[in-house]
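> fold the following and give me the result.
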Amino acid sequence: MDNDLLEEDLVKFAAKHYYSPKGRIDPEEFYDDLKRFRYIKRLVNRYLETGNLSERLILNHLIVIFNVLGNYAALRIMGMKLEDEHWKVIKPFLKYLSYIRSDQLKDVKPDPEVTKRLKRI
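Numbering: from 1, shown residues only. All right, here's what the predicted structure looks like:
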């Protein structure tokens, strides 16, 4: 997935879009939420390597990310953090949670096993 967001701009971009009910950003909480992208990537890599899918954990991380950053920022950062092979696993989650429209990520073929597992939830 193409993304023009640079690594050095990521924190500033995320902070700009970060929602905090307190009205101010708690740095520790902010950076913990940014780490969720790394956790998702690890969980997807584990699935791709072993077939072990932690779908509920991935769902939880995605829900938090999209709640604090919103769809636009979360998708932009994901575009930077995830590799092309990760999108086939992530797309079914994003569709399941209604975070993407049907016309988004058209070139990504969703992993059928992930789709099947999400339908069972």
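> give me the residues contacting stretch 35-54.
Applying Cβ atoms under 8 Å, 6 or more residues apart in numbering, the contact partners of stretch 35-54 are 57-58, 61-62, 64-65, 77-78, 81-82, 85-86, 89-90, 113-114, 117. (C-beta placed from N, C-alpha, C; glycine too.)
> buried set for stretch 28-42?
30, 33-34, 36-37, 40-41 (16 or more other Cβ atoms under 10 Å).
> poorly predicted segments of the protein, please.
Applying pLDDT under 70 to the chain flags residues 1-7.
> grab the longest helix from it for me.
When the chain is scanned for its longest helix (criterion: DSSP state H), the result is helix 55-81.
> for it, packing partners?
Here helix 55-81 touches helix 7-17, helix 27-50, helix 84-96, helix 112-119, going by 3 or more Cβ pairs under 8 Å, 6 or more residues apart in numbering; DSSP states H and E.
> so which of those helices is the most packed in?
A comparison of the helices and strands packed on helix 55-81 by mean neighbour count, using mean count of other Cβ atoms under 10 Å, puts helix 84-96 on top with a mean of 19.
> and that helix with helix 55-81, angle?
Interaxial angle, helix 84-96 versus helix 55-81 (axes from the mean of the first three to the mean of the last three Cα atoms, to 10 degrees): 120 degrees.
> which residues are contacting helix 84-96?
The contact list for helix 84-96 (Cβ under 8 Å, 6+ apart) reads 1, 40-41, 44-45, 47-48, 55, 58-59, 62, 78, 82, 100, 102, 105, 108-111, 114-115, 118, 121.
> quick revisit: nearest to residue 72, of the helices and strands packed on helix 55-81?
Among the helices and strands packed on helix 55-81, helix 7-17 comes nearest to residue 72, with 7.2 Å by Cβ to Cβ.
> what about residue 61, distance to residue 112?
According to Cβ to Cβ, to the nearest Å, residue 61 stands 22 Å off from residue 112.
> and what of residue 91?
To residue 112, residue 91 is 11 Å away according to Cβ to Cβ.
> now do the contacts for residue 67.
By Cβ under 8 Å, 6+ apart, residue 67 lies in contact with residue 19.
> tell me which of the buried residues of stretch 28-42 is nearest to residue 9?
The shortest approach to residue 9 among these belongs to residue 34, at 13.2 Å (Cβ to Cβ).
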